[in-house]
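**Student:** Below: sequence and its predicted model.
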Amino acid sequence: MSPIRAARCPRSEPEAEGDPRQLQAPLADAAVHLSVEPSIVNLMVQYITTPDRAFAALADPTRRAVLERLGSGSATISELAEPFSMSLTGMKKHVHLLEEAQFVTTEKVGRVRRCRLAPYAFEGISTWLQRLDRFARVVERTKGD
C-alpha cells in the first residue's frame, strides 16, 4: 500500500465502516491534507550556538593547527593544506567550519582564497575559557583532599 493511501485524513474517513471505496482518499485530497500536518523540528540540533561551534571546531587537531598557522599571518587554502598532505577540498571543509565558528575569515583574491584570523576571534568563548581556568584552579587546590 502506498504511503498516501495509508494516510488517513479527517475528510477521507468513511461515514460507515464497510464500504471499501470510502477507505481510500482521492490522491489530490490526500496530498493536500498530508502537507498541512505539522512537522516536528528540533531547534537544538539545527541551530548550534556560537560557543558550541567554536568548541566543536577546536576539537579537531587539524583545525587547531590551522589556527596556529594563521596566528603568524594570512595563508591560502593551498598553503594551509600542504603540511597535512591534504586535498584542497578537505582543507576547504576545515576552513568552512572555522568560518562558521567565527575564528577565520576568507577572501577570494583572483583564483585564490586567502584566510586570516577573524578580529576578536576568541572573544565569544573567552567567558568559557575563564570558567575552565577557575575550574582547573579548584581541581588543583583539592587534589590532596
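**Tutor:** Happy to help now that I have it.

**Student:** From the rest of the structure, what touches the longest helix along the chain?
**Tutor:** In the chain, ranked by residue count with DSSP state H as the criterion, the top helix is helix 126-141. Helix 126-141 is contacted from outside by 51, 55, 122, using C-beta atoms under 8 Å, 6 or more residues apart in numbering. In this view, the C-beta of every residue, glycine as well, is placed from N, C-alpha and C.

**Student:** Any chance of those in TSV with secondary structure and neighbour count as columns?
**Tutor:** Converted to TSV, the contacts of helix 126-141 look like this (DSSP: H, G, I helix; E, B strand; the rest coil; neighbours: other C-beta atoms under 10 Å):
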residue	secondary structure	neighbour count
P51	helix	13
F55	helix	12
F122	coil	15
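
**Student:** of the residues you listed, closest to K92?
**Tutor:** Ranked by distance to K92 (C-beta to C-beta), these are led by F55 at 21.4 Å.

**Student:** mind checking how far the closest residue to the closest one other than its chain neighbours is from V138?
**Tutor:** Closest residue to F55 apart from its sequence neighbours, by C-beta to C-beta, 6 or more residues apart in numbering: I125 at 7.0 Å. From I125 across to V138, the span is 20 Å (C-beta to C-beta, to the nearest Å).

**Student:** ok, these two, which is more surrounded?
**Tutor:** For I125 versus V138, the count of surrounding residues by other C-beta atoms under 10 Å is larger for I125: 20 against 9.

**Student:** just the strands in this protein please.
**Tutor:** 75-76, 104-109, 112-117 (DSSP state E).

**Student:** Let's have these in TSV, adding distance to D60 and mean neighbour count.
**Tutor:** Shown next, in TSV, are the strands of the chain (distance: least, C-beta to C-beta, whole Å; neighbours: other C-beta atoms under 10 Å):
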stretch	distance to D60	mean neighbour count
strand 75-76	17	16
strand 104-109	13	14
strand 112-117	16	17
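
**Student:** That's all I had, so thanks and see you.
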